[in-house]
Structures are given as structure tokens and as C-alpha cells.
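Peer 1: sequence unknown, structure follows:
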């Protein structure tokens, strides 16, 4: 139902609600930011390797299957949950895509780039419905030129792209229900909210924030909409959308809730500083993109686009911060002067963002990474758009052109940050988790010596290899047993089996490129204590001169010495 109603609603907004004279203007307001966003993503796609979590969905598609929870129907194994809080929705989507179009960087990344582009379209119509054309246009431009929104969606290691579309689409349907009072829109909106919870249970942060914000700012309006029948319908639709998550928790006795929250407020100031970095767009430099100091052999720009990007980067002093944070502060100051209803809308967004951020900030494992803080988007853009459009309506005259010009300045600052990412990535390649050497590792197995098993000796190896080779490489984790503080009898038996068979291959990062330091060193020390030594079969660099991988097998130490 939601899959039908949402496109239908967008079509009605554009084709029926708008007068013919306004259609071209509206089309341009939507199309130009979306075209920029999509094309910028296409330019970035080929320059990075595959990060481990970007390929996580392959656990539910290819061997060795590793989804946390599945349902067996005949000979078919249906993935339900990849992790206790990450559902298999992305696996369901990518299964047919990869079967039809094969595996490539484009088939991996373009679907999520399209998903994010669709979320921008929904955001336009959401803002237009609640605040008019000016707010919709400004908010859409700011979202489409946000570097963090583009990068997190295009490379979708969070995963976050589906989260944004489901939550924004659900909000649009619920707002439309508020105007039309058609129960189908209420049900469809809450179904999408439920699907967002299944996709990633962290959607509860934003959903609870929106609920609290709405009850604080518009209590009488929400109370007027409440009836037992509507409440039952919304609850039923939410549970239906989240049904796979519900089934998993019923089977595991609350597996999502247990173990995923550990209160820790010691790093809240650091997480607040990180949130500000997310606003400015600088949070992925040096992690997603490699720095100059990390790159022995940087690439010289060899296309017109790369040369133009490098020239713009140099001309503007290699900018790494947009003006979004300062625009957000200005919008907050202006909001009380934009009218009572408009101010309450801004306050709603701020409360929703604050409630969501506090939940991630007080948890030990969340709030310190971009793929968490970006879940607050597009609330910052909504706040700016609502405040700027509200002040333009309130004051009139030159206020309209002034806020449009100010929005354009903020958008240009965002475009310059996107360009800086492109210039740095095309020059230096990806950071530690994004290097392109993973493709050479996958190709190695086209000509690898006969082997029984391949053991990944660090995080970031197994998932990309599973995806790129469609499960045809017999790869398994090689760190589970050796990581235990005290080796059990079973650990000892497993390790002996691993190191004693020369047909077992081991894939390790070089010491400089290790993500979790020491696992490979522990394995080498264990093998040495049992008379075995590594015989290196291949050293695999990336295309920027960094030695990234070693592939070896164990042989008796005496043979290695010869």
C-alpha cells in the first residue's frame, strides 16, 4: 500500500495540486538539486573500494551465509536480521538487482544513490506541504548540497539511505493524512515507519524525537486527530512494517533490546563536537579519503573533471567546512520572529533532533560516527528552510531575496566541500577502510593455488570478498579463536587445524593498514610456538602505492628457513 500511495501522492502534488503555470517552476526546483546530487554521486562512485559494512547485506545472499536470523521455507533460506538491530531489507532489495545486473561498483552504489535522491524529492514535498514553495526550495537545495548526506548515502555503509527515504516518506504520508483525513495515508505512513525500524532499529531515535516534539509543540492538534480506531490502525501498520523485527524479538526474547544499550556519558562533550563537525561536512576527511601524507603515489588529475576539481580546490583554499552550522545558528535566532505556527514547527524539529541525539550520545557505542549523526538529517535543513522562509513572509520586501541569497551562499559552501572530497579522493584514494586493493584481492582468487579455506585475519576483508566473489571464495574469519584471552580446548583444536594444513590461505592487512591491531600478530606468534611459519604468496598494494594486503600459508618453520 505504501509503495503505491507514496508515488501517487507525489504525482498528485505535482500534477493536480499545482496549477499548470507553476509546474515548470516546481519541476526545476526539484530537478536541478536532484540532478546535481545524483551526478556528484556518480562521479564519486568509482574512486573508492568497498568498506566492510557497505557489503554487510551480502551475508544474507552469499556463502558463507552469516545472517543472524532467518526463516527456512523448503529449500529457501529467507534472511530476516543481519544483526540484532539491522534487518535484511537491503538484502531483499539487492538480491534481484545483483542477479539481473551483476556485481559492480555501479550496481552496488547507484541503487542507494537513487534512494537518497528520492528522499530529497520527498523532502521537497514535505516542506512544501507544511511551509510552502520557498521553504521547500531552500531546504531541498541545502540537503542536495550537503557533503555528508551525499557521501553516507552514495556509499551507504551505515546503512542510512533506506532509513532516510522510509522516514521522510512516512512523514510526508502522515502530514498528508493530517490535511486529507484519509486513513490509508495514516496507515501507509506508519507502515513505512515500521519498515524503517526493521531496516535499522536505531530509527527509534528519530521516531521518538518526532513524537516528543509533536506532543510538546502541537498537543491540541494531535489530540484532535486521535481516535481509538486511528490509533489501532497506526499501531497495526507500524507492527506490520516492522513484522520481521517483531518475529525476531519474539523468537530471541527481546534480542534487539538486550545488549545494544550501555549507558556511558563520559564522551558526551566529544560527541557534541563531532556533531558540529558533521554539520560542517568535515567529518569524513582522513577516514573515507586518504590524506596527502598517507599517499606514496598520488594520482595526477587526468580528466577534465578531475583537473577542474583540483583547480577549484586550490582556488578556494581547499575548503573542508561548509556554512551549514552557522546558518543553523542564525535560523534558530530568527525562528521566534517568524510567526507562532512557524516557530512551533522549528521548535518541533529542534526537539526531535535533541531527543534523538541525546539517545545516541549517552550510549557507549553510538553518537561518535557519521553514520549515526547523519540520521538526524534532514532536520537541520528543515530548521533553516522554515526559519528563512518564515522571516521572508513576516518581513516581506527585501527579506525574500536576502534569505534566497544567503541560502545560495550556504549551498555553494556545501558544493565546495563536496568538490574537496572529490579532489582528495581522486588524488589519494580511500582511507584505511576504503582502499581499492580489495579488488586485487578478489582477482587473486581467479589464479590462487588450490586451497581449502581462506581465513580473513582482520576486519574489513571478509564482507567485500564475499560480495565481490558471490560467495565462491571459501572465506571465514580467522580471528575468532585467537582473540580469546584464554584459549579453550576447542580453540586449540581449531587453530591447529588452521595452521597445519598448507592448503589453508590467510588474508591479512599489512601492519600499517590493520584496523584491529594485533590479531594477525597473535596468529603468527601462535604458529611460531607450534613450529609453523608463514610463507608469503602475495603482497597486494592499492593503486596509490600503499601495501595493503598479504596472503600467506603456514609451512613448517624449517622449510620456511630454507
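Peer 2: Ah, there it is. In this text, all values refer to a predicted model and were calculated from it rather than measured experimentally. Numbers count the residues shown, from 1 in each chain.
Peer 1: those helices in the stretch 1-150 of the chain, which residues are they?
Peer 2: 2-12, 20-44, 89-101, 105-131, 133-144, 147-155 (DSSP state H, counting those that start in this stretch).
Peer 1: Could I get the buried residue list for the fourth one?
Peer 2: Think helix 105-131. 108-113, 115-131 (16 or more other C-beta atoms under 10 Å). Backbone N, C-alpha and C define where each C-beta goes, glycine included.
Peer 1: what packs against that helix?
Peer 2: helix 2-12, helix 20-44, helix 89-101, helix 133-144, helix 147-155, helix 161-180, helix 340-361, helix 379-395 (3 or more C-beta pairs under 8 Å, 6 or more residues apart in numbering; DSSP states H and E).
Peer 1: got the angle for it vs helix 340-361?
Peer 2: Here helix 105-131 runs at an angle of 140 degrees relative to helix 340-361 (axes from the mean of the first three to the mean of the last three C-alpha atoms, to 10 degrees).
Peer 1: now for the helix ranked longest in the chain, which elements pack on it?
Peer 2: Taking DSSP state H as the criterion, the chain has its longest helix at helix 399-428. If contacts are counted by 3+ C-beta pairs under 8 Å, 6+ apart, helix 399-428 sits against helix 20-44, helix 133-144, helix 147-155, helix 304-315, helix 324-334, helix 379-395.
Peer 1: what angle separates the helix or strand that comes right after that helix from helix 105-131?
Peer 2: Using DSSP states H and E, the next helix or strand after helix 399-428 towards the C-terminus is helix 437-444. Helix 437-444 runs at 140 degrees relative to helix 105-131, counting by the same axes, to 10 degrees.
Peer 1: Let me know the next secondary structure element after helix 437-444.
Peer 2: Past helix 437-444, the next helix or strand by DSSP H and E is strand 454-456.
Peer 1: who does that following strand touch, helix- and strand-wise?
Peer 2: helix 462-468, strand 475-477, strand 505-509.
Peer 1: any residues touching it, and which ones?
Peer 2: 445, 462, 465, 473-479, 498, 504-507 (C-beta atoms under 8 Å, 6 or more residues apart in numbering).
Peer 1: Out of these, which comes closest to residue 347?
Peer 2: residue 462 (46.0 Å; C-beta to C-beta).
Peer 1: Now render the helices of the stretch 1-150 of the chain as TSV, adding distance to residue 52 and mean pLDDT.
Peer 2: Listed next are the helices of the stretch 1-150 of the chain as TSV, based on distance: least, C-beta to C-beta, whole Å; pLDDT from 0 to 100:
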stretch	distance to residue 52	mean pLDDT
helix 2-12	30	59
helix 20-44	19	87
helix 89-101	14	97
helix 105-131	13	97
helix 133-144	27	96
helix 147-155	12	97
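Peer 1: So for residue 263, which of those sits nearest?
Peer 2: Closest among the helices of the stretch 1-150 of the chain, using C-beta to C-beta: helix 147-155, at 26.1 Å.
Peer 1: Could you check the chain and say which of its helices or strands has the lowest average pLDDT?
Peer 2: Using mean pLDDT, DSSP states H and E, helix 2-12 stands out as the lowest-scoring helix or strand of the chain, at a mean of 59.
Peer 1: Take the helices and strands packed on strand 454-456 and write them to a markdown table, including distance to residue 80 and mean neighbour count.
Peer 2: Listed next are the helices and strands packed on strand 454-456 as a markdown table, based on distance: least, C-beta to C-beta, whole Å; neighbours: other C-beta atoms under 10 Å:
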| stretch | distance to residue 80 | mean neighbour count |
| --- | --- | --- |
| helix 462-468 | 18 | 25 |
| strand 475-477 | 22 | 18 |
| strand 505-509 | 29 | 25 |
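Peer 1: Can I get those in JSON lines including mean pLDDT and distance to residue 182?
Peer 2: Listed next are the helices and strands packed on strand 454-456 as JSON lines, based on pLDDT from 0 to 100; distance: least, C-beta to C-beta, whole Å:
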{"stretch": "helix 462-468", "mean pLDDT": "95", "distance to residue 182": "42"}
{"stretch": "strand 475-477", "mean pLDDT": "91", "distance to residue 182": "51"}
{"stretch": "strand 505-509", "mean pLDDT": "97", "distance to residue 182": "55"}
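Peer 1: what's the closest residue to residue 432 other than its chain neighbours in contact with, if anything?
Peer 2: In space, and not counting its chain neighbours, residue 432 is closest to residue 513: 6.0 Å by C-beta to C-beta, 6 or more residues apart in numbering. By C-beta under 8 Å, 6+ apart, the residues touching residue 513 are 432, 435, 546-549.
Peer 1: and stretch 541-560, average pLDDT?
Peer 2: Here stretch 541-560 scores 91 as its mean pLDDT.
Peer 1: Buried residues, it. List them.
Peer 2: Applying 16+ other C-beta under 10 Å to stretch 541-560 flags 541-542, 544, 546-555 as buried.
Peer 1: Can you name the two of these that sit furthest apart?
Peer 2: The widest separation within the buried residues of stretch 541-560 (C-beta to C-beta) is 31.9 Å, between 544 and 555.
Peer 1: what about the residue lying closest to residue 178 once chain neighbours are set aside, neighbour count?
Peer 2: Distances taken as C-beta to C-beta, 6+ apart put residue 225 closest to residue 178, at 6.8 Å, once the chain neighbours are dropped. Per other C-beta atoms under 10 Å, the neighbour tally for residue 225 reads 14.
Peer 1: So what touches stretch 500-511?
Peer 2: So stretch 500-511 is contacted by 441, 448-458, 460-461, 465, 475, 478, 498, 514-515, 517, 520-521, 523, 532, 534, 537, 539, 547-555 (C-beta under 8 Å, 6+ apart).
Peer 1: Specify the residue ranges that define each domain of this protein.
Peer 2: 2-257+264-428, 437-561 (automatic domain parsing).
Peer 1: just those: most buried one?
Peer 2: domain 2-257+264-428 (a mean of 19; mean count of other C-beta atoms under 10 Å).
Peer 1: And that one, how far out from the chain middle?
Peer 2: In terms of C-alpha atoms, centre = their mean, to the nearest Å, the centre of domain 2-257+264-428 is found 9 Å from the chain centre.
Peer 1: Residue 155: what's it in contact with?
Peer 2: Per C-beta under 8 Å, 6+ apart, neighbours of residue 155: 44, 48, 51, 54, 109, 288, 434.
Peer 1: Go again with 6 Å.
Peer 2: residue 54 (C-beta atoms under 6 Å, 6 or more residues apart in numbering).
Peer 1: Ok, residue 120 next?
Peer 2: Neighbours of residue 120 in contact, by C-beta under 6 Å, 6+ apart: 34, 140, 143-144.
Peer 1: In CSV, list those residues along with distance to residue 369.
Peer 2: Formatted as CSV, the contacts of residue 120 follow (distance: C-beta to C-beta, whole Å):
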residue, distance to residue 369
34, 27
140, 26
143, 20
144, 23
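Peer 1: Return the closest of the residues you listed with respect to residue 167.
Peer 2: residue 143 (13.4 Å).
Peer 1: That closest one contacts residue 381, correct?
Peer 2: Yes - contact criterion C-beta atoms under 6 Å: residue 143 and residue 381 qualify, at 4.7 Å.
Peer 1: Can you pull the phi/psi pair for the closest residue to residue 265 other than its chain neighbours?
Peer 2: Leaving aside its sequence neighbours, residue 265 sits nearest to residue 362 (C-beta to C-beta, 6+ apart; 5.3 Å). Main-chain dihedrals, residue 362, degrees, to the nearest 10: phi -90, psi 0.
Peer 1: Next: residue 481.
Peer 2: Torsion angles, degrees, to the nearest 10, at residue 481: phi -70, psi -40.
Peer 1: And for the one 5 residues further on?
Peer 2: Per-residue torsions, residue 486: phi -120, psi 120 (degrees, to the nearest 10).
Peer 1: now do the one 3 residues further on
Peer 2: Here the main-chain torsion angles of residue 489 (degrees, to the nearest 10) amount to phi -60, psi -40.
Peer 1: Tell me how far it lies from residue 481.
Peer 2: According to C-beta to C-beta, to the nearest Å, residue 489 and residue 481 sit 11 Å apart.
Peer 1: Much appreciated, bye for now.
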